[in-house]
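**Student:** Predicted coordinates and the sequence they were generated for:
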Amino acid sequence: MKPSTTYTYSRHALWGVLLLALPLVLQQFGNGWVRIADMALLYVMLALGLNIVVGYAGLLDLGFVAFFAVGAYMFGLLASPHLIDNFPAMAAMFPNGIHTPWWAVIPLGAGLAGLFGILLGAPTLKLRGDYLAIVTLGFGEIIRVFLNNLDNPVNLTNGPKGLGQIDPMSVMGHPLSRKLDVGFMELPSVTLYYYLFLVVVLVSVWVCHRLERSRIGRAWMAIREDEIAAKAMGLNTRNLKLMAFGMGATFGGVSGVLFASFQGFVSPESFSLMESVMIVAMVVLGGLGHLPGVILGAVLLSALPEVLRYVAGPLQQMTDGRLDAAILRQLLIALAMILIMLWRPRGLWPAPEHGKVMASDKGPA
Amino acid sequence: MSTPVLNVQGISKRFGGLQALSEVGMRIEAGQVYGLIGPNGAGKTTFFNVITGLYVPDSGRFELAGRAYQPTAVHQVAQAGIARTFQNIRLFADMTALENVMVGRHVRTGSGLWGAIFRTAAFVAEEKAIEQRAMALLDYVGIAGLADYKARTLSYGDQRRLEIARALATEPLLVALDEPAAGMNATEKVQLRELIDRIRNDGRTILLIEHDVKLVMGLCDAVTVLDHGKQIAQGTPAQVQTDPKVIEAYLGTGGH
């Protein structure tokens, strides 16, 4: 039943070429399009992280964007003038400013977000389903409210004004915010970021794939399927759930670090409840627990609204400006979600019925 | 006399005004199939929940293979060596039969996140061993051909077998089967009996909680009968069957 290895290799190679060529094609239409692809990659990473929590371990987390925020603010503080400007002691300690390189912040951000994941998980261990969703939702909002208000009495986050002038990432001495001339063509900043994000996303997919087929991955899925039976089989559900929360949050943190540097600016606005809801929607819409589905869901839901922005013009004219792009986007997303839930309740690309289901199967006897 | 696999003495459990168990004790020897029977509400399930860590008894003590045993969390029970099946089958429905049994190996294996992510040699070797053992167990209970099917697509009888295979995967000292024959037809019951017989002959110890008196009497080496939380008889099936108190508990005294 398995496809031959040559077939698999050639398919992988084809995907590789497509992914590498994508920004080069998109940049012909304007950098805005490549930026959409960049954001889509960040969302893929968020969705992959949430998939560990919701898809594998079956814990509905509605505050996932908090970990994204933790990563973003971490890089914002460690690679911007904010701390220097507000704390004379810091300025004395770092006369050249704080410019922590991104490759050092990524593990830190991952670790801190993971720690937050475990901190959030610990008090919610006994909760399931809706109740867990409500508590995690609250946690997500708490983080945002903190970021919004921690400018007083000590200005740590600069409140609603956000952190600006965040360092761009640089690879081998070349800051990604500047375009790179490779001889036969020019690569704009967004394209360079695309390649960096692509590498990180591929690593994430690889990690997820390996987790899925491991002792821990199976244990997570067992908890999702039946927690009581899982406990009876000797699974320490408390530790396993915390591990899922922590591991998932790690992805959110890394994504946040990349986001902060890509934008050069972070503010609490980027981490609203709506973002959490969108990430859950990506995972559910694509196919809970199935990596290709989750990736598809993230790409569709993050890119589609942006694409609509470009095509909404004619519709706006037809309705004398009453249907502007923002309203239209929300309308269409809502419609798409309703249709998909009606026709494909298990997601656009659900996990295959892995294992052959019996030909004469008419449900459990 | 050898050390019993499970030695229970003077277990009592009270829920408010109801004395669910009073002074229940039993001694399960290695290689026995031990039956626990009683009419509805006799306290069988309470007793089962006490030995599987769900309830903490008010008094009494346990010894598992000679060592004091007092689970404080449900997952420690399998670790300690008691594996159970459920009266209303609880499988991991959307996982394959093989994966279900592989989850059973969790408690006897140890690789963690790092091993999984970096595919260390130890991880790969352990993973291979887990799969081989799981496959062997599926073969042992007679459903190796269904390894790749999702658990929920299996027939009722096969789901039972799968549950037993999953329990065996934890390498238990004692396998506790909670009404395994419930809902089975005559053919399935015969097959179940053969399977339990085979597990015993391979040296495992089984605690069988059952409604089906015929199955218990045919299979068990020793039986305890509970009624209203009290132990009313204990002995070989033949002794228990003729005990007037047992007949009374099951059939009533005949008076109105």
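**Tutor:** The structure has been received and is ready for your questions.
**Student:** Going by C-alpha atoms from here, please, whenever you check contacts or count neighbours.
**Tutor:** Will do.
**Student:** is chain B contacted by stretch A:120-137?
**Tutor:** No - on the criterion Cα under 8 Å from any Cα of the partner chain, stretch A:120-137 is out of touch with chain B, staying 13.6 Å away.
**Student:** Residues touching that stretch, excluding its own?
**Tutor:** A:59-64, A:139, A:238, A:241-242, A:245, A:273 (Cα atoms under 8 Å, 6 or more residues apart in numbering or on different chains).
**Student:** Keeping just the C-alphas, turn it into PDB.
**Tutor:** What follows is stretch A:120-137, C-alpha atoms only, in PDB (Å, rounded to 0.1, in the frame of the first residue of the first chain):
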ATOM      1  CA  LEU A 120      -1.600  27.800  32.300                       C
ATOM      2  CA  GLY A 121      -2.000  24.000  32.100                       C
ATOM      3  CA  ALA A 122      -1.400  23.300  35.800                       C
ATOM      4  CA  PRO A 123      -4.600  24.900  37.200                       C
ATOM      5  CA  THR A 124      -6.800  23.600  34.400                       C
ATOM      6  CA  LEU A 125      -5.800  20.000  34.500                       C
ATOM      7  CA  LYS A 126      -9.200  18.800  35.900                       C
ATOM      8  CA  LEU A 127     -11.200  20.800  33.300                       C
ATOM      9  CA  ARG A 128     -12.400  19.400  30.000                       C
ATOM     10  CA  GLY A 129     -14.100  20.700  26.900                       C
ATOM     11  CA  ASP A 130     -16.100  23.900  27.300                       C
ATOM     12  CA  TYR A 131     -14.800  24.600  30.800                       C
ATOM     13  CA  LEU A 132     -11.200  24.400  29.700                       C
ATOM     14  CA  ALA A 133     -11.900  26.600  26.800                       C
ATOM     15  CA  ILE A 134     -13.400  29.300  29.000                       C
ATOM     16  CA  VAL A 135     -10.400  29.300  31.400                       C
ATOM     17  CA  THR A 136      -7.800  29.300  28.600                       C
ATOM     18  CA  LEU A 137      -9.800  32.100  26.900                       C
END
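**Student:** in it, what counts as buried?
**Tutor:** A:120-121, A:124, A:132-137 (16 or more other Cα atoms under 10 Å in any protein chain shown).
**Student:** can you list those in a markdown table and add pLDDT, secondary structure and distance to A:V205?
**Tutor:** What follows is those, written out as a markdown table (pLDDT from 0 to 100; DSSP: H, G, I helix; E, B strand; the rest coil; distance: Cα to Cα, whole Å):
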| residue | pLDDT | secondary structure | distance to A:V205 |
| --- | --- | --- | --- |
| A:L120 | 89 | helix | 24 |
| A:G121 | 90 | helix | 23 |
| A:T124 | 89 | helix | 27 |
| A:L132 | 92 | helix | 26 |
| A:A133 | 92 | helix | 25 |
| A:I134 | 92 | helix | 28 |
| A:V135 | 92 | helix | 28 |
| A:T136 | 93 | helix | 25 |
| A:L137 | 93 | helix | 26 |
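**Student:** Relative to A:D167, which of the residues you listed is nearest.
**Tutor:** A:L120 (29.7 Å; Cα to Cα).
**Student:** and the gap between the closest one and chain B?
**Tutor:** Counting by Cα to the nearest Cα, to the nearest Å, the gap from A:L120 to chain B is 20 Å.
**Student:** how close does A:L115 get to A:V53?
**Tutor:** 15 Å (Cα to Cα, to the nearest Å).
**Student:** Name the nearest residue to the residue nearest the centre of chain A, ignoring sequence neighbours.
**Tutor:** For chain A, the residue nearest the mean C-alpha position is A:L46 (1.4 Å; Cα atoms, centre = their mean). Of all residues not flanking A:L46 in the chain, A:G252 sits nearest, at 5.2 Å (Cα to Cα, 6 or more residues apart in numbering or on different chains).
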